[in-house]
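Student: Here you go, sequence then predicted model.
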Amino acid sequence: MSITLVERLVARAQQGERVRRVVVLMGTAETTSSRGWLAAFLRRLDELGWRESRNLVTHVQWWNDQPEQMRVWAGKLIARSPYVAVTFTNLALEVLKPITGDVPIVFIGVVALLYQSPEKIFLANWDKLIGPRALGQF
């Protein structure tokens, strides 16, 4: 390889890919089932090219307390300036909606809040989970 090509490769590696910060408010206690939901979500992101420590940083918060405690944890997650917030439960969605500002919310779960669906809330299911281009469009 020529020195020019090596320099280009080094420069590209130093620039790296744009890293997206994703916060996940589970809205449920950590159980075998809920760990499975999270693992499936992260596995699907990996399949779509979003890999932890390469172009993705995830922060996950479990919940097994009072709703007031979830509000505190949600506030801490949003304070991390995420690119997108993800939730799996109606309660967590209700907690996130008033505090996210311009941060889009991806809600993966049973939809019971169709009467109030702001433009920044995106509904997803396991078959059509967000892909690399979708993350870039938020």
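Tutor: Yep, that arrived. Numbering: from 1, shown residues only.
Student: close enough to count as contact, residue 81 and residue 21?
Tutor: Yes: between residue 81 and residue 21 there is a contact under C-beta atoms under 8 Å: 6.8 Å. Any C-beta I mention is one placed from the backbone N, CA and C, and that applies to glycine too.
Student: Tell me which of those two has more neighbours.
Tutor: Shown here are residue 81 and residue 21; by other C-beta atoms under 10 Å, residue 21 has more neighbours (16 against 8).
Student: Let me see the backbone angles for that one.
Tutor: Note on residue 21: its backbone torsions stand at phi -100, psi 120 [degrees, to the nearest 10].
Student: Next, work out how far apart it and residue 33 are.
Tutor: 26 Å (C-beta to C-beta, to the nearest Å).
Student: Equivalent analysis for residue 67, please.
Tutor: 21 Å.
Student: neighbour count winner among these two?
Tutor: Per other C-beta under 10 Å, whichever of residue 67 and residue 33 has more neighbours is residue 67, with 12 against 9.
Student: Would you mind giving me the confidence score for the more buried one?
Tutor: Predicted confidence (pLDDT) for residue 67: 78.
Student: show me the contacts for it.
Tutor: Shown in contact with residue 67 (C-beta atoms under 8 Å, 6 or more residues apart in numbering): 91, 95.
Student: Phi and psi next, for it.
Tutor: The phi and psi values for residue 67, taken as degrees, to the nearest 10, are phi -60, psi -30.
Student: Show me the shaky parts of the chain.
Tutor: Within the chain, the stretches with pLDDT under 70 are 1-16, 109-138.
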